[in-house]
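**Student:** need coordinates for the below:
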Amino acid sequence: MSRWLKPLLLVLSVLGVVAMASAALVAALVYPNLPSLETLTDYRPKQPLRVYTEDGALIGEFGEERRKVVRLKDTPPALAQAILAAEDERFYRHGGVDTLGVVRAALSNLVSGGAKEGASTITMQVARNFFLSSEKTLHRKLNEALLAIKIEHALSKDEILELYINQIYLGQRAYGFAAAAGIYFGKPLEKLDVAEIAMLAGLPKAPSAYNPVVNPKRAKIRQIYVLGRLKQLGHITQAEYDKAVKERLPVKYSSMSFEVEAPHVAELVRLRMQQKYGESIYVSGLRVYTTLRALDQRAAIEGAKRAVLEFQRRRGYAGPEGHVALPNEEEAADLMIAEVLSDREESNGLLPGVVQSLDKQRIRVRLRSGEEIELGGNETKFAQRFLVPTAPAVSRVRRGSLVRVARVGTGPWQLASLPQVEVGFVALSPESGAIRALVGSFDFARNQYNHVTQAWRQPGSSFKPFVYSAALERGVTPATVFDDAPISIDPEQTGGVLWEPKNFDGSSDGPTTLRKALTKSKNLVSIRVLQTATPEFTHEYVSRFGFDMGHIPPYLTMALGAGEVTPLSMAAGYAVFANGGNRIRPWHLLKVTDREGKTLESFVAPAPELAISARNAFIMTSMMQDVVRRGTAIGAMQLGRNDLAGKTGTTNDHRDTWFAGFHATRVAVAWMGYDQPRPLGGSETGGVTALPMWMQYMGAVLRNVPEMPFAPPEGVLSLRVDPATGLPVPEGQGVAEFAFQEFAPGATAPTDAMQNGNDVQIQP
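**Tutor:** Next comes the predicted model:
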């Protein structure tokens with residue numbers, strides 16, 4: 001045997017020398033022709049246009065590639081550990097090509113009988129991603145190895161790893177780990193925990209196969225492998241491993257998820273940027289900062305979602321979206337569910353699912369993430385008519401039914417339906433006009449129409465404060481008494497039709513003070529107030545609040561909000577009351593920077609203009625505070641504050657519902673209705689549908705904010721009046737009231753005349 005050993009070793013040695021010489025020759029011929037590394041040394045990747053809140057939360061991204069460039073030093077240490085554990089354990093010890101890794105992979109493939117394990121290092125993957133195709137040929141592999149060696153000579157290990165972290169494709173149009181963190185988990189890279197990092201670190205091997213949105217089960221298997229490698233290498237403990245494996249990851253279903261959802265504002269920004277800078281905005285990495293604030297926007301989104309879900313619950317369950325015949329075998333059923341749900345998008349927290357089983361007490365639903373949730377007895381009662389055997393087969397809830405589920409806050413899962421109703425919500429600073437939150441529709445993916453800026457709708461009674469404000473300038477006071485009695489209006493005063501308006505509840509209370517009339521939203525009194533101030537004067541006066549008066553006819557119907565406004569114009573109008581009389585112009589852009597952070601444009605608030613007197617604004621605010629304290633918006637008292645004011649609005653046939661209200665630091669307007677106007681339902685009013693949306697928002701943004709009472713300005717008289725007659729009474733009797741000094745009850749002839757309140761004409 002030994003006599004053959006020496007010749008064999010000699011042959012192997014010769015072959016080895018020949019192979020090395022051949023490799024050296026090939027390298028000598030190929031190496032000089034390798035591409036320049038300028039792309040790496042002067043790294044300028046395509047970066048999308050990004051849109052942020054004032055406090056730096058990402059709300060939008062537009063570009064060919066979703067990418068966010070980060071420095072290695074700014075990433076969590078666990079990220080590099082997870083990447084190297086999964087892809088290249090010896091990265092900091094090899095020179096670009098891991099010889100030991102190649103031998104190990106070759107032996108593994110030899111044993112397994114096929115090429116199942118590769119040996120691409122991080123550096124080789126960088127070479128491939130920047131310069132080479134993905135074809136599997138010997139020539140490409142050789143170029144890849146030689147490029148890796150060249151890269152190692154030109155860049156440090158940290159620079160190479162930084163390029164990898166920013167360049168690698170991770171599915172869902174995400175290039176780089178920072179972009180993937182936002183897309184898959186809706187948060188910045190530095191806020192990921194080890195379980196989330198391990199999930200992302202498992203993606204480079206096969207972004208499609210291990211995509212947690214499309215293939216949650218395979219993604220989980222890959223994540224567990226990466227966590228195991230981290231534990232094996234001593235980066236995490238057994239306890240940390242166990243916790244991470246059990247953690248249920250908040251994977252985002254939508255590929256357009258951001259730290260804060262504000263798609264309508266992001267779209268406004270995109271349109272403006274494209275008009276100014278052209279198509280280059282999609283690759284040049286411009287950043288736009290808006291006046292939105294993350295807390296405000298999240299609260300507005302949650303309020304709109306909650307309001308729509310509660311409206312849907314009042315309307316009753318609409319039934320399943322369809323059915324699929326599930327096989328009895330569990331694995332086959334799981335595969336079918338995953339396939340069916342892969343094409344169904346989340347809609348603002350309404351998740352698609354398939355019913356796996358059900359009985360009288362519970363419904364079990366499998367989600368696209370693979371999670372199985374249980375709906376309790378409340379939901380079986382809610383969907384009762386769809387569960388009985390006599391229900392039509394097409395609408396009966398059964399095994400295989402396609403349903404939607406949602407949860408409000410941390411509450412239990414509920415059955416839900418994709419809504420047809422729409423919402424609009426906007427909040428801004430009454431001092432500067434800076435928009436702090438904007439929700440243009442329930443779900444931008446389904447309806448891009450911006451109901452805040454584009455929807456011209458009747459405001460109903462939420463318009464009354466502007467009419468009452470005009471009347472204050474004509475000598476009316478909050479104590480002025482008007483007759484709350486039936487009335488017929490001549491066609492000439494309405495624009496062409498005989499009008500016999502009624503109060504919302506059909507009742508009439510007789511003599512009523514202006515304050516009580518606004519508090520209880522008395523329609524008949526509002527018409528008499530407008531008659532007193534005159535439509536002509538009121539129409540001109542209301543224009544001071546910034547409304548487009550072409551949408552508001554100068555007739556008596558104006559008293560009940562028969563014109564058209566947008567939620568944004570309503571917010572600007574109410575800001576005049578909130579800030580003490582100044583007209584502001586809403587704005588949403590703060591600054592534009594380039595990819596390096598250099599400011600290209602900056603914006604400031606438009607200068608305010610005096611619209612009404614401070615005393616008028618104060619007295620109107622005091623009356624609208626009563627709307628909240630004891631009127632149609634009394635539900636807002638659940639917030640436990642005495643510094644809130646506003647007005648509800650409900651239009652004819654309950655087609656539009658509103659609440660417009662304010663605090664000294666915020667003015668916000670909520671609206672709900674159908675795009676093609678139709679009744680919301682006989683019990684749906686501004687106080688029922690719109691007010692809760694507003695309360696959810698204000699409750700969040702005013703938490704821990706001390707009360708800020710509105711103080712009477714100069715020229716306002718404080719007095720005591722009889723609540724029934726509005727006439728002055730001695731100190732210690734009656735109720736407190738405010739009035740312009742010259743129009744105080746009993747003080748002047750004009751005020752005495754106004755006590756009758758019927759068709760009195762007083763010149764300004």
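
**Student:** got any ranges where this structure has weak pLDDT?
**Tutor:** Low-confidence segments of the chain (pLDDT under 70): 1-36, 39, 41-42, 100-119, 132-140, 253-256, 746-764.

**Student:** let me see the domain layout of it.
**Tutor:** For the chain, automatic domain parsing gives the domain ranges 48-259, 284-416, 424-591+620-701.

**Student:** okay, these, which one's buried deepest?
**Tutor:** domain 424-591+620-701 (a mean of 22; mean count of other Cβ atoms under 10 Å). Just so you know, the C-beta spots here come from the backbone N, C-alpha and C atoms, and that holds for glycine as well.

**Student:** can you give me the strands for the stretch 101-250 of the chain?
**Tutor:** Along the stretch 101-250 of the chain, the segments classed as strands by DSSP state E, counting those that start in this stretch run 174-175.

**Student:** OK, contacts around the closest residue to Arg306 other than its chain neighbours?
**Tutor:** Excluding the flanking residues, the one nearest Arg306 by Cβ to Cβ, 6 or more residues apart in numbering is Val408, at 5.3 Å. Val408 sits next to Lys305, Arg306, Leu309, Glu310, Gln414 when contact means Cβ atoms under 8 Å, 6 or more residues apart in numbering.

**Student:** which one is Pro389 nearest to, not counting chain neighbours?
**Tutor:** Arg396 (7.8 Å).

**Student:** if I look at the one you found, how far off is Pro430?
**Tutor:** Using Cβ to Cβ, to the nearest Å, Arg396 is found at 52 Å from Pro430.

**Student:** just to revisit the earlier point, helix/strand/coil for the residue nearest to Arg306?
**Tutor:** coil (DSSP: H, G, I helix; E, B strand; the rest coil).

**Student:** quick one, phi/psi of it?
**Tutor:** phi -100, psi 120 (degrees, to the nearest 10).

**Student:** the domains of the chain into JSON lines, with extra columns for distance to Ala614?
**Tutor:** What follows is the domains of the chain, written out as JSON lines (distance: least, Cβ to Cβ, whole Å):
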{"stretch": "domain 48-259", "distance to Ala614": "28"}
{"stretch": "domain 284-416", "distance to Ala614": "25"}
{"stretch": "domain 424-591+620-701", "distance to Ala614": "5"}
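
**Student:** relative to Thr725, which of those is closest?
**Tutor:** domain 424-591+620-701 (6.3 Å; Cβ to Cβ).

**Student:** so which of the contacts of Val408 belong to helices?
**Tutor:** The helices, defined by DSSP state H, take in Lys305, Arg306, Leu309, Glu310 from those.

**Student:** my read: the residue nearest to Pro389 touches Phe386, true?
**Tutor:** Yes: counting by Cβ atoms under 8 Å, Phe386 is a contact partner of Arg396 at 5.9 Å.

**Student:** any idea how far the residue nearest to the spatial centre of the chain lies from Gln297?
**Tutor:** In the chain, the residue lying closest to the centroid (Cα atoms, centre = their mean) is Glu261, at 2.7 Å. Between Glu261 and Gln297 the computed distance is 7 Å (Cβ to Cβ).

**Student:** identify the contacts common to those two.
**Tutor:** With Cβ under 8 Å, 6+ apart as the test, Glu261 and Gln297 both reach Ile59.

**Student:** follow-up on the earlier one: dump the ones in helices among the contacts of Val408 to TSV, plus distance to Val426.
**Tutor:** As requested, these are arranged in TSV below (distance: Cβ to Cβ, whole Å):
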residue	distance to Val426
Lys305	16
Arg306	17
Leu309	20
Glu310	20
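
**Student:** which one among those gets closest to Tyr282?
**Tutor:** Lys305 (30.2 Å).

**Student:** hmm, back to that, now do the shared contacts for Arg396 and Phe386.
**Tutor:** Joint contacts of Arg396 and Phe386 (Cβ under 8 Å, 6+ apart) are Pro320.

**Student:** helix, strand, or coil at the residue nearest to Pro389?
**Tutor:** Going by three-state DSSP: Arg396 is coil.

**Student:** which residues touch it?
**Tutor:** Pro320, Phe386, Leu387, Val388, Pro389.

**Student:** so Gly646 touches Phe659, yeah?
**Tutor:** Yes: applying Cβ under 8 Å, one finds Gly646 in contact with Phe659, separated by 6.0 Å.

**Student:** which neighbours do these two share?
**Tutor:** In contact with both Gly646 and Phe659: Ala633, Trp694, using Cβ under 8 Å, 6+ apart.

**Student:** show me the helices in the stretch 201-350 of the chain, by range?
**Tutor:** 216-232, 238-246, 263-277, 294-315, 330-341 (DSSP state H, counting those that start in this stretch).

**Student:** can I get the ones you listed in TSV including distance to Ser602?
**Tutor:** Converted to TSV, these look like this (distance: least, Cβ to Cβ, whole Å):
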stretch	distance to Ser602
helix 216-232	43
helix 238-246	44
helix 263-277	14
helix 294-315	21
helix 330-341	46
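
**Student:** so which of these is nearest Glu564?
**Tutor:** Smallest distance to Glu564 across the helices of the stretch 201-350 of the chain (Cβ to Cβ): 19.9 Å, for helix 263-277.

**Student:** which parts of that closest one are buried?
**Tutor:** Pro263, His264, Val265, Ala266, Glu267, Leu268, Val269, Arg270, Met273, Tyr277 (16 or more other Cβ atoms under 10 Å).

**Student:** likewise stretch 701-719?
**Tutor:** Val701, Leu702, Phe710, Val716, Leu717, Leu719.

**Student:** need the distance between the two termini of that stretch.
**Tutor:** 34 Å (Cα to Cα, to the nearest Å).
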